[in-house]
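>>> need a structure here:
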Amino acid sequence: MKKVIALITAFTIVLSISACGGKTAAPEVEPQAPVDQPTGAKTAPPPVDQPDGALTPPPPTESSNGAKTAPPDANGSEFKAEADAKLVVWESKGAGTYPEELIKEFTDKYGVEVTREVIDSVEQADRLAQEGASAADVMMLPSRELGKAVEAGLVLPNDLFEVEARRMNAKNIVEGVSYHGIVYGYPFAADTYLLYYNKKLIQEAPRTFDDVIDFSKKFTNKTTNTYGIMWDVSNLYFSYPFLASSGGYIYGKGGTDINDMGLNSAEAQRSMKVFSRLREVLPLQSDKLTQDFKRERFTTGQLAMDISGPEMLSDYKKALGDQLGVAPLPAVAGYPAVSFADIKAWYVNADSKYPNAAKLFAYYASSREAQLNYSVQTGAIPTNIEVQQSEHILSAPYMSAFIAQLGNAQAVPNLPEMDLVWRPVDAALADIWDNQKDAKAALDHAVKEIQAPK
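Next comes the predicted model:
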């Protein structure tokens, strides 16, 4: 009973906080179509500290009693899916026919019946906390919710396929689905944001924010409602490059040490100077810069550049066609721009009656072939290194730009304490932008509020 109460309480808190500061969450998106090659877009950098290639599940074999056996685990031994296994899988919207095809293939290969239910990923976290063993065996949780799920004992570690998860994905992706050094997730896609630009207004993507400022000084005209660049300036998720690019951070030791906060560090101040300078060329209050406001300006030719995620791609391509450009974010204060990333991954219910079958499905659903199929159908950005270097990616330029930015992104910290960060930092960013508050003073106040919440 104590465990149930603790679980429900934990997720009730996070949902109430999310409701108050919900704009920081990255939206789930519908399938997108690729755009044409932008000028200045970069292809994905070669993987670092990762072995070449990625393994995929081999065909199943028959055991002596006819049961299907799973691929070898991380230690090279085989394990068997439970003979009577029947799985329930929670999937989020916007996946096309990918889940249906995947489930059919999985059932044909391993003889495990799978029932699919479509549920919003944030709702999945709440239902998992409340339903326990009655919830799905496998689900998609937002990577930022992982810490709360682990602390509440809701998900199993990715112990059988940890080696494969590390082989198939870059280090920053693996960190996003790990908690205190233990891998829990089976990553298959990721979201971050980049620079959209109108080629009619600016022919090439700026390489630095100094270039952005120089262009905007000439282009911006508040009287005619024309602007050089826009983004959701008071949203930590989208303004993170102006804190992190020059060495700032939220929590130390890769987002794991709550006693070390770097939001108000000297390193963060170098990037924040660029943030403050951009106010001169974007003379609007922060609450004005909504998604709808930006969309209207960009699609009507009144905005040259917008920093947004993949959720804007469809509208922008429809409005601009071949004149739409996409590129990684410009450098900040001489440093490559560090964006936030949300990692999409499968997780296994700690109370699943069929943990082996559930782990096998999560692994199979995050394999190279599954990621490629999902990306082709939905436009999602794959996390598998081999898929990122495939012809599919090279022929879809917007993906190349997203992957290039993803290579320099950091997963949103998944510590439960992260829920206390969003609102104070959003308020500090708004105060710096709207009231020209000293950045150090505003962020000092935010850190104090985070460390000693009322």
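
>>> pLDDT-wise, which helix or strand of this structure ranks last?
Averaged element by element with mean pLDDT, DSSP states H and E, the chain has its least confident helix or strand at strand 61-62 (a mean of 38).

>>> what's the domain layout of the protein?
Domain assignment for the chain by automatic domain parsing gives 2-191+342-409, 194-338+421-451.

>>> just checking, which of those domains comes out with the lowest mean pLDDT?
Ranked by mean pLDDT, the domains of the chain bottom out at domain 2-191+342-409, with a mean of 76.

>>> Ok, which of the domains of the chain comes nearest L415?
domain 2-191+342-409 (4.8 Å; C-beta to C-beta). C-beta: built from backbone N, CA, C; applies to glycine.

>>> so where does E100 fall, helix or strand?
According to DSSP states H and E, E100 maps onto helix 98-110.

>>> Would you indicate which residues of that helix are buried?
Y98, P99, L102, I103, F106, Y110 (16 or more other C-beta atoms under 10 Å).

>>> Kindly indicate which of these lies nearest S395.
Y98 (19.1 Å).

>>> my read: that closest one touches Q377, true?
Yes - the pair Y98 / Q377 is scored as a contact, 5.0 Å apart, by C-beta atoms under 8 Å.

>>> how far does stretch 180-196 sit from the chain's center?
5 Å (C-alpha atoms, centre = their mean, to the nearest Å).

>>> That one: end-to-end distance?
Stretch 180-196 has its terminal residues 36 Å apart, counting by C-alpha to C-alpha, to the nearest Å.

>>> do the same with stretch 139-159
Stretch 139-159: ends 17 Å apart by C-alpha to C-alpha.

>>> Pull out the buried positions in it.
Residues of stretch 139-159 classed as buried: 139-150, 152, 154-158 (neighbour count, 16+ other C-beta under 10 Å).

>>> before we move on, the earlier item: using CSV, please lay out the domains of the chain together with distance to L415.
As requested, those are exported to CSV (distance: least, C-beta to C-beta, whole Å):
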stretch, distance to L415
domain 2-191+342-409, 5
domain 194-338+421-451, 6
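
>>> which other residues reach the helix or strand following the helix holding E100?
Next helix or strand after helix 98-110 toward the C-terminus (DSSP H and E): strand 113-118. The contact list for strand 113-118 (C-beta atoms under 8 Å, 6 or more residues apart in numbering) reads 85-93, 99-100, 103, 106-107, 136, 361.

>>> now the angle from strand 113-118 to helix 98-110?
Taking axes from the mean of the first three to the mean of the last three C-alpha atoms, to 10 degrees, one finds strand 113-118 and helix 98-110 inclined to each other by 170 degrees.

>>> Strand 113-118: how far from the chain's middle?
24 Å.

>>> shift numbering so it begins at 54
Sure thing, new numbering starts at 54, so read that last one as strand 166-171.

>>> So in that sheet, which strands flank that strand, and in what orientation?
The pairing partners recorded for strand 166-171 under DSSP bridges are strand 139-144 (parallel).

>>> So which bits of the partner strand are buried?
Neighbour-count burial for strand 139-144 [16+ other C-beta under 10 Å]: L140, V141, V142, W143, E144.

>>> cool, and stretch 407-414?
Under the neighbour-count criterion of 16+ other C-beta under 10 Å, stretch 407-414 has Y407, P408, N409, A410, A411, K412, L413, F414 buried.

>>> got a list of what I360 touches?
Y246, L247, L248, Y249, I282, M283, W284, F291, L382.

>>> One more pass at 10 Å, please.
246-249, 265, 282-286, 291-292, 294, 347, 382-383, 390, 392 (C-beta atoms under 10 Å, 6 or more residues apart in numbering).

>>> Filter those down to the ones in helices?
Counting by DSSP state H, the contacts of I360 place V265, F291, S292, P294, K347 in helices.

>>> Which one of those is nearest to K490?
The closest of the ones in helices among the contacts of I360, once distances to K490 are taken by C-beta to C-beta, is S292, at 14.4 Å.

>>> give me the number of residues near that closest one?
24 (other C-beta atoms under 10 Å).

>>> How much space separates it from K224?
24 Å (C-beta to C-beta, to the nearest Å).

>>> Relative to the whole chain's centre, how far out is the helix or strand harbouring K306?
For K306, the host element (DSSP H and E) is helix 305-308. Computed by C-alpha atoms, centre = their mean, the chain-centroid distance of helix 305-308 equals 18 Å.

>>> Please export the C-alpha coordinates of that helix as PDB.
Extracted in PDB, the C-alpha atoms of helix 305-308 (Å, rounded to 0.1, in the frame of the first residue of the first chain):
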ATOM      1  CA  GLY A 305      26.600  18.400 -12.900                       C
ATOM      2  CA  LYS A 306      28.100  15.100 -13.700                       C
ATOM      3  CA  GLY A 307      26.100  14.700 -16.900                       C
ATOM      4  CA  GLY A 308      22.800  15.800 -15.300                       C
END
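
>>> Show me what that helix is packed against.
helix 224-229, strand 310-315, strand 463-464 (3 or more C-beta pairs under 10 Å, 6 or more residues apart in numbering; DSSP states H and E).

>>> Contacts for it next, please.
The contact list for helix 305-308, computed with C-beta under 10 Å, 6+ apart, reads 200, 224-225, 228-229, 231, 234, 302, 311-315, 318, 463-468, 471.

>>> Buried by neighbour count, from those: which ones?
Applying 16+ other C-beta under 10 Å to the contacts of helix 305-308 flags 200, 225, 228-229, 231, 302, 311, 314-315, 318, 463-468, 471 as buried.

>>> what angle do the lengthiest strand in the chain and strand 139-144 make?
Under DSSP state E, the strand in the chain containing the largest number of residues is strand 393-401. Angle of strand 393-401 versus strand 139-144, following the same axes, to 10 degrees, is 170 degrees.

>>> What strands flank strand 393-401, and is each parallel or antiparallel?
strand 191-195 (antiparallel), strand 239-244 (antiparallel), strand 463-464 (parallel).

>>> Let's have those in CSV, adding distance to P336.
What follows is the strands paired with strand 393-401, written out as CSV (distance: least, C-beta to C-beta, whole Å):
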stretch, distance to P336
strand 191-195, 35
strand 239-244, 30
strand 463-464, 30
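
>>> Nearest to Q355, out of those?
Nearest to Q355, of the strands paired with strand 393-401 and by C-beta to C-beta, is strand 239-244 at 26.5 Å.

>>> Now do Q256: how many residues are near it, please.
By other C-beta under 10 Å, neighbour count at Q256 equals 11.
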